[in-house]
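Participant: model this:
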Amino acid sequence: MDRLQIGLGQNSYDIILASSAISEIIPHIENLHDTKKCCIVSQNNIFKYHGLELFKILKSLGYDVNIHIVPDGEKAKSIKYCRNLFDFLLAKNYDRHSLLIALGGGVVGDLTGFVAATYMRGIPYIQIPTTLLSAVDSSVGGKTGINFGGIKNIVGAFYQPKLVFINTEFLKTLPEAEFKAGLGEVIKYGILDGKNFFNELSEKVNIINPTYEGLPALIKSCCEIKARIVEEDEKELTGSRMLLNLGHTMGHSIEVLTGLRHGEAVGVGIVYVAKLSKNLGYLKKDEAKRIIDLIKKSGLPWEIPTCINQQSLLELIEKDKKQIRGKVNWVILHGVGDVRIHSLANSEIPII
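Facilitator: Down below sits the predicted model:
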């Protein structure tokens, strides 16, 4: 078992990296606070594989535990399912000291975190990610939210969990495509970090799988990179945290219009930004090729689907939450390990 800490003053918390039984989390839950009332928020298959054991352990220790199941997919990140969870917590008399446990991927974590941030003006929650994408990215950093009006994560809050518990054993139950989608975020961190991590991924990305012996170290590296950035700029006030949006401005819009998995759409977004950065004169041709080749080698989608209506795509980008006074803040590549924020109008971003 390994441990990292995100240092955010009174909002600091640990990231626990484990590789064996889910029971390892129990001492950490017991140390959080004195509540014995908690709710596991999950999805059917995930709860079947991982949640039932956690439920039984908590029950045996005297916890008052409830289970709240949400549907698979982005539809769960909606006003409807947010309200359903509010109603459930009220009906079960959850108070400000009760604990929410997000057991699932990014959808479960985002929804649970947002409800925790807003129910009774804030109750504690912990993240137990069960996908590669949520382990390396969405469970860490306190971004919570739901989709609204056809726009991803447009309603949300910065609200840090009390704990993140990552168990690589969970990833062995993932479908191959679901696991692979997480590589989009992993590659993002390789680009942000610079040449060593990027070079490692360039050599090994095609052999990374749930049983890959280097997987725990890879997840830890991603979490360390994100922790450093979040510690510098917890709520995107100075701009450094915006760098984590690499590939996401185009990626989010593609995800909404096509139904691609988040990590798949981020992969397409990274390729788009590499081409855009090259065309704008910021990224050398050979660097752009290395980045695009890495996405291709990973097996992720890399081209904008031809079924997308370009006007619809541009309209969604205009509504992006990073839009300020008619321009969108794009994360533009100047090199591997050198990414910067550029404010661009839609007229400056051809669909390439």
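Participant: all strands of the stretch 101-250 of the chain, in order?
Facilitator: Secondary structure of the stretch 101-250 of the chain (DSSP state E, counting those that start in this stretch): strands at 125-129, 143-148, 151-158, 163-167.
Participant: list the buried ones in the second one?
Facilitator: So the one you mean is strand 143-148. 143-147 (16 or more other Cβ atoms under 10 Å). Yep, even glycine has a C-beta here, placed from its N, CA and C like the rest.
Participant: mind exporting the C-alpha coordinates of that strand to PDB?
Facilitator: Extracted in PDB, the C-alpha atoms of strand 143-148 (Å, rounded to 0.1, in the frame of the first residue of the first chain):
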ATOM      1  CA  LYS A 143     -14.000  18.900  -9.400                       C
ATOM      2  CA  THR A 144     -17.600  17.800  -9.100                       C
ATOM      3  CA  GLY A 145     -20.500  18.400 -11.400                       C
ATOM      4  CA  ILE A 146     -23.400  17.400 -13.600                       C
ATOM      5  CA  ASN A 147     -24.300  18.100 -17.200                       C
ATOM      6  CA  PHE A 148     -27.000  20.500 -18.100                       C
END
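Participant: following the helix or strand of the chain with the lowest mean pLDDT, which helix or strand comes up?
Facilitator: Taking mean pLDDT, DSSP states H and E as the measure, the chain has strand 323-324 as its least confident helix or strand, at a mean of 70. Later in the chain than strand 323-324, the nearest helix or strand by DSSP states H and E is strand 327-335.
Participant: per-residue pLDDT, Leu215?
Facilitator: Note on Leu215: pLDDT of 96.
Participant: the host helix or strand of Asn84 to strand 151-158, inter-axis angle?
Facilitator: Element membership of Asn84 [criterion: DSSP H and E] is helix 79-91. Calculated by axes from the mean of the first three to the mean of the last three Cα atoms, to 10 degrees, helix 79-91 forms an angle of 30 degrees with strand 151-158.
Participant: distance to Ala18 added to the buried residues of strand 143-148, as a markdown table?
Facilitator: Formatted as a markdown table, the buried residues of strand 143-148 follow (distance: Cβ to Cβ, whole Å):
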| residue | distance to Ala18 |
| --- | --- |
| Lys143 | 23 |
| Thr144 | 24 |
| Gly145 | 27 |
| Ile146 | 29 |
| Asn147 | 31 |
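Participant: of all the strands of the stretch 101-250 of the chain, which lies closest to Gln311?
Facilitator: strand 151-158 (16.1 Å; Cβ to Cβ).
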